[in-house]
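1. sequence? don't have it. structure:
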């Protein structure tokens, strides 16, 4: 067993995985993960602006996971068969910077709305993105989880790149949403 752990650790080091987590998120755990990321990025990244951008992207991604993670509603569900809401987070130090990968369950009925929002964000240039953020903030419309769509806009602004995403249908009511955000150094 110790050899397997050592081999896994070596593989994570070779792949430059800084953090990998799968499970239920709590406010305390989000705080602990942010502290770990801040320390790790602080030891790896010499540029303070890049450190700040990476930290802000990770913080927003973790907040999204915490606030928007849905417990899948299963067909013919046996109460013992419910899947607990959980998030998946992986942060990798790449040759060009950092990749922040997240995943969570969501209501399948919300997929098209989120896809439309992400496609709009990805279609905008830097100044247009800044304006979209201001307009969304001024709009005052908030979703059931309070965000109004600002989180994804902010992630795109802080990362300086396009948001890579995917949806995988889990069943007729649920989907798994994955997001990859690249922050270049």
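-> Okay, I see it. All values derive from a computational prediction rather than experimental measurement. Residues are numbered from 1 along each chain as shown.
2. count the neighbours of residue 99 for me.
-> 19 (other Cβ atoms under 10 Å). Backbone N, C-alpha and C define where each C-beta goes, glycine included.
3. need the longest helix for this protein.
-> helix 48-68 (DSSP state H).
4. please pull up the helix or strand immediately following that one.
-> Using DSSP states H and E, the helix or strand that follows helix 48-68 towards the C-terminus is strand 87-93.
5. which strands and helices sit next to that following strand?
-> strand 17-23, helix 27-44, helix 48-68, strand 97-107 (3 or more Cβ pairs under 8 Å, 6 or more residues apart in numbering; DSSP states H and E).
6. next one: phi and psi at the residue nearest to residue 109 when sequence neighbours are not counted?
-> Using Cβ to Cβ, 6 or more residues apart in numbering and skipping residues adjacent in sequence, the residue nearest residue 109 is residue 173, 7.6 Å away. With angles defined as degrees, to the nearest 10, residue 173 sits at phi -110, psi -10.
7. so residue 173 is in contact with residue 105, correct?
-> No - if you go by Cβ atoms under 8 Å, residue 173 and residue 105 don't touch, sitting 10.2 Å apart.
8. what touches both of the two?
-> residue 72 (Cβ atoms under 8 Å, 6 or more residues apart in numbering).
9. who has more neighbours out of those two?
-> Here residue 173 and residue 105 are set side by side on neighbour count (other Cβ under 10 Å), and the busier one is residue 105, at 21 against 14.
10. distance of the more buried one relative to residue 136?
-> Residue 105 sits 25 Å away from residue 136, going by Cβ to Cβ, to the nearest Å.
11. so what's the residue count around residue 131?
-> Here the number of neighbours of residue 131 (other Cβ under 10 Å) works out to 12.
12. so it belongs to a helix, correct?
-> Yes - counting by DSSP: H, G, I helix; E, B strand; the rest coil, residue 131 is part of a helix.
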